[in-house]
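Q: Quick one: sequence and predicted model below, then my questions.
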Amino acid sequence: MSQALSDLRIFKAEFFRALAHPVRIRILEELCNGSRTVHALQDALDLDQPSVSQQLAILRSKNLVVASKTGTSVHYALRDPLIHDLLVTARAIFNNHLVDTQAMLAALSQEHERQS
């Protein structure tokens, strides 16, 4: 295996590990609508400042968000707009999974009714 392929796989694993927390996903979803301050994220997510700051630090360390200072406020934004597309795709995959699960439940319900 080439070093480039190995590096790419490591990048992917780290990238998805950074996404592997519900609060970080919620933050990214909020940032899909534009840049936000920590305070605005706190209000939108109904979380305390330390929780939001901790998760933003992880997202920054993995280069998923960027920070810019305006006066005394720090605004966070998505580093790459393709993150929005990734979240939309994840939602579509989830919806497909739900449709499959609903179909299976309907089939089980029909089978149960026939047996009763």
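A: Perfect, thanks for sending it.
Q: so what's the most centrally placed residue in the chain closest to, chain neighbours aside?
A: Centre of the chain computed as the mean C-alpha position; nearest residue by CA atoms, centre = their mean is Ile25, 2.7 Å away. Nearest residue to Ile25, sequence neighbours excluded (CB to CB, 6 or more residues apart in numbering): Leu19, at 6.4 Å. Yep, even glycine has a C-beta here, placed from its N, CA and C like the rest.
Q: again with Asp48
A: Gln42 (6.8 Å).
Q: Now do the helix or strand where that neighbour lies: which elements does it pack against?
A: With secondary structure defined by DSSP states H and E, Gln42 is part of helix 38-45. Packing partners of helix 38-45 (3 or more CB pairs under 8 Å, 6 or more residues apart in numbering; DSSP states H and E): helix 22-31, helix 49-61, strand 73-78.
Q: quick one: the next helix-or-strand element following the longest one to chain centroid distance?
A: If I follow you right, that is helix 49-61. Going down the chain from helix 49-61, the next helix or strand is strand 65-70, by DSSP H and E. Computed by CA atoms, centre = their mean, to the nearest Å, the chain-centroid distance of strand 65-70 equals 19 Å.
Q: hmm, back to that, any idea of the angle the helix holding Gln42 forms with helix 49-61?
A: Helix 38-45 runs at 110 degrees relative to helix 49-61, counting by axes from the mean of the first three to the mean of the last three CA atoms, to 10 degrees.
Q: relative to strand 73-78, how tilted is the longest helix seen in the chain?
A: Once the chain is assigned using DSSP state H, the helix that runs over the most residues is helix 82-115. Helix 82-115 runs at 60 degrees relative to strand 73-78, counting by the same axes, to 10 degrees.
Q: Tell me which other helices or strands helix 82-115 touches.
A: helix 22-31.
Q: before we move on, back to that, run a quick neighbour tally on the residue nearest to Asp48.
A: Close neighbours of Gln42, defined as other CB atoms under 10 Å, add up to 17.
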